[in-house]
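Novice: Okay, here's the prediction I keep looking at, along with the sequence it came from:
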Amino acid sequence: MSGQKRQLSKRCVVLTGAGISAESGIQTFRDQNGLWENHRIEDVATPEGFARDPQLVQHFYNLRRAQLLSPAVQPNPAHIALAEFEKTFRGEFLLVTQNVDDLHERAGSHNLRHMHGELLKARCTHCSSIVPWQADIELLSPCPRCHRSGSLRPHIVWFGEMPLYMQEIYDALRQCDLFVSIGTSGHVYPAAGFVEQARAAGARTVELNLERSAANSFFDESYQGLASVMIPQFFAQVQHPGA
Ligand code: APR
């Protein structure tokens, strides 16, 4: 990445995946020892799995939530560099994350959309309220809004469910001149297809990942390495309008 020319951007969309949080101690999904190596997606990440065995699914996400809240898990230099970039960028900036952790928020990112939901929220299947949630969700936990017990589920978009904020994300992709994909394996749609939308809009498309992703061939530029090293370097050379 060194020796890159500074390039002007006025509208930037960044997509992040599990790889950006790996160095904060959160397991990715598809790497060696990733979450999907020890758990079946059908069991813990589908509405059908939840209907079959809600206790197993709540337990899976209760463990993830407790881990996220442990003091050892903190934003790393990649999260921080993105938040700093957003603060100083004089164009339009949208950060879309597939991650359900809150490390981007903790690092100070603002214009952020969690397209796959948020671990620190619960959703009521009875009244549809979405509420902040830090404790375990028990089978009979009552909804704080409608008080029905046993109606809470993790606010997570499971396989077969519609990701969130899609209209807004596609609008931003249609208008962006820089699209950067960070720490995602490119196996899960619709996120894996964002690069094609950005290309169609004429954007410069850049992949920053530990390895070449499944969507690698769609990117103009692709760099392999650790997010904590590459993200600060890459965003230091993006030129702002009027800067
Ligand atoms: N720096 C950069 N990239 C990394 C790092 C790191 N330190 N560590 C791992 N990676 C890369 C891996 O090489 C891999 O390509 O991050 C990618 C993580 O890929 P996945 O585990 O598949 O995670 P992600 O792409 O975010 O998954 C998408 O799938 O299971 C669903 O809903 C879940 O949001 C998730 C979606």
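Specialist: Good, I have the coordinates. Numbers count the residues shown, from 1 in each chain.
Novice: F93: which element?
Specialist: F93 is located in strand 92-97, with elements delineated by DSSP states H and E.
Novice: What strands line up against that strand, and which way round?
Specialist: Using DSSP bridges, the strands paired with strand 92-97 are strand 11-16 (parallel), strand 112-114 (parallel).
Novice: residues in contact with the longest one?
Specialist: Contacts of strand 11-16 with the rest of the structure, by C-beta atoms under 8 Å, 6 or more residues apart in numbering, involve 82, 89, 91-99, 104, 169, 172-173, 175-184, 191, 194, 198, 203, 238. Every residue, glycine included, has its C-beta placed from N, CA and C.
Novice: Take these and keep only those in strands.
Specialist: If you go by DSSP state E, the contacts of strand 11-16 have 92-97, 178-182, 238 in strands.
Novice: what's the closest of those to the ligand?
Specialist: Using C-beta to the nearest ligand atom, I182 comes nearest to the ligand of these, at 6.9 Å.
Novice: That closest one contacts I231, doesn't it?
Specialist: Yes. Using C-beta atoms under 8 Å, I182 is in contact with I231, at 6.4 Å.
Novice: Now for those two: what residues contact both?
Specialist: 20, 78, 208.
Novice: quick one: the longest helix seen in the chain near the ligand?
Specialist: Longest helix in the chain by number of residues (criterion: DSSP state H): helix 54-68. No. Using C-beta under 6 Å from any ligand atom, helix 54-68 stays clear of the ligand, with a minimum separation of 11.4 Å.
Novice: C-alpha coordinates for that helix, CSV please?
Specialist: Listed next in CSV are the C-alpha coordinates belonging to helix 54-68 (Å, rounded to 0.1, in the frame of the first residue of the first chain):
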residue,chain,number,x,y,z
PRO,A,54,-34.8,-21.0,21.7
GLN,A,55,-32.7,-21.9,24.7
LEU,A,56,-29.8,-23.0,22.6
VAL,A,57,-30.0,-19.8,20.5
GLN,A,58,-30.4,-17.5,23.4
HIS,A,59,-27.4,-19.2,25.1
PHE,A,60,-25.3,-18.8,22.0
TYR,A,61,-26.0,-15.0,21.9
ASN,A,62,-25.8,-14.6,25.7
LEU,A,63,-22.2,-15.9,25.5
ARG,A,64,-21.4,-13.5,22.6
ARG,A,65,-22.9,-10.6,24.5
ALA,A,66,-21.1,-11.4,27.7
GLN,A,67,-17.8,-11.6,25.8
LEU,A,68,-18.4,-8.3,24.1
